[in-house]
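>>> fold the following for me, if possible:
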Amino acid sequence: MSTVVVGIEPGQAPSVLATAASLAADLKATVQVIYADSGRYVTERLPEHNVLGTAEADFPAELAELVAEHLSGVDYELHNVPGDPAKVLMAVAEEVDARMIVIGTRRPGLRNKLAQFIDGSIAVALAQKQTRPVLVVPQQIIELPEA
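As a prediction, this is how the structure comes out:
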C-alpha cells in the first residue's frame, strides 16, 4: 500500500490535511501524520530506518482532533517525533517509502517571517535535500474561476 507523509503543526490551516486526505484517497494510501517537535531536539543523529521508533505516544490533543476531523475515511497514523521538522519528515518519508510529502506554508505575519529567517524554510530544505515529491499547500487555497 502507498504512503503519504504529512507534516502538521499548531495553527496550521486545515487545507493541508484536507489536501493530504484527498491525495491519499486517490492513491489508496495510508497517511503518516508527523508532528516534528522542534522544541525537543535529538542530541544525536536521527536513527536510520527507525525514526518512527523514536516517536512519543503523546500526540498534541488539539492536533489529533484536527486530524480526526479532516482525515476521516482515510487510514492514518499519528507520530510525535522530536527534532528538526525537515530532517524528521525526510527520514520518515525514507523509512516508509512515501510517495509524497505534504506540508503547509508558514502563516503570514512578521513573527513567522522571523521564524523562517532563523529556522529556514522547511519546504526549501525538503525540496533541496531529498528526491521525493513535496507538495506545499498554501494557508488559504484560492478558488480559481472556471474558464
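
>>> any idea which strand is longest in the chain?
strand 29-37 (DSSP state E).

>>> any idea how far it is from the chain center?
6 Å (Cα atoms, centre = their mean, to the nearest Å).

>>> quick one: residue 18 from residue 6, how far?
Computed as Cβ to Cβ, to the nearest Å, the residue 18 to residue 6 distance reads 10 Å. Placement of C-beta: from N, CA and C, glycine included.

>>> with residue 121 instead?
Taking Cβ to Cβ as the measure, residue 121 falls 17 Å from residue 6.

>>> can you pull the pLDDT of residue 133?
The pLDDT attached to residue 133 in the predicted structure is 92.

>>> ok, now which ones touch it?
Remark: with contacts taken as Cβ atoms under 8 Å, 6 or more residues apart in numbering, residue 133 is in contact with 99-101.

>>> and with 10 Å instead?
Counting by Cβ atoms under 10 Å, 6 or more residues apart in numbering, residue 133 makes contact with 93, 98-102, 126-127.

>>> now do the same for residue 85: its pLDDT.
What the model reports as pLDDT for residue 85 is 88.

>>> where do the strands of the chain begin and end?
Along the chain, counting by DSSP E, strands occupy 2-7, 29-37, 76-82, 100-104, 134-137.

>>> of those, which is nearest residue 63?
With distances scored as Cβ to Cβ, the stretch of the strands of the chain nearest to residue 63 is strand 29-37 (5.9 Å).

>>> pLDDT (mean, whole number) over that closest one?
Across strand 29-37, pLDDT averages out at 92.
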